[in-house]
Structures are given as C-alpha cells and as structure tokens.
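Engineer: I would like the atomic coordinates for the input below:
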Amino acid sequence: MEQEFLSVKQLADYLNCSEKFIRKYVERRRLPGMVKIGRVYRFRKSEVEKKLLSGQLLLEKR
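Structural biologist: Residues are numbered from 1 along each chain as shown. Okay, here's the model as predicted:
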C-alpha cells in the first residue's frame, strides 16, 4: 500500500489553518506523521487522519 504524504501547504489546506500554525508545531515536533526529507517536512496523511479522528491532533509535549 502506497502512503500519501502532504507538504506543509497541503496540510495547512487540509486542516483549514495557516502555514504559520503548521510551521510552529513542526518546530515543536508536535505533529503526527512528520518526516524530514532533506530540508523539507512531509506528513503521513493516514497518521494525521487517525489523530484527527481521535480528537488529539497535537502530540504530547516532550
């Protein structure tokens, strides 16, 4: 099964929020499914959806 990855802009559009919001939580490492490819972050759509359905999008603080 091929996994779908979202860019910062695509994730912001999907969640109906700003890219600034996404980047803030990227820095804090609180978004699910986050993968760094070179200098670019991508997000596994399946993990984001799973967390959204559970009502807990942001990961616990470290």
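
Engineer: quick one, helices of this protein?
Structural biologist: All helices of the chain, identified by DSSP state H, fall at 8-15, 19-27, 45-54.

Engineer: Just name the most buried of those.
Structural biologist: Mean neighbours per residue, mean count of other Cβ atoms under 10 Å, is largest over the helices of the chain for helix 8-15, with a mean of 16. C-beta coordinates here come from the backbone N, C-alpha and C atoms, glycine included.

Engineer: so what secondary structure elements neighbour that one?
Structural biologist: For helix 8-15, the elements it packs on are helix 19-27, helix 45-54, judged by 3 or more Cβ pairs under 8 Å, 6 or more residues apart in numbering; DSSP states H and E.

Engineer: same thing but 7 Å
Structural biologist: Contact here means 3 or more Cβ pairs under 7 Å, 6 or more residues apart in numbering; DSSP states H and E; on that basis helix 8-15 packs against helix 19-27.

Engineer: got the angle for the helix it packs on vs helix 8-15?
Structural biologist: With axes from the mean of the first three to the mean of the last three Cα atoms, to 10 degrees defining the directions, helix 19-27 sits at 110 degrees from helix 8-15.

Engineer: Tell me which other helices or strands helix 19-27 touches.
Structural biologist: helix 8-15.

Engineer: contacts for the helix it packs on?
Structural biologist: Here helix 8-15 makes contact (Cβ atoms under 7 Å, 6 or more residues apart in numbering) with 6, 18-19, 21-23, 41, 43, 48.
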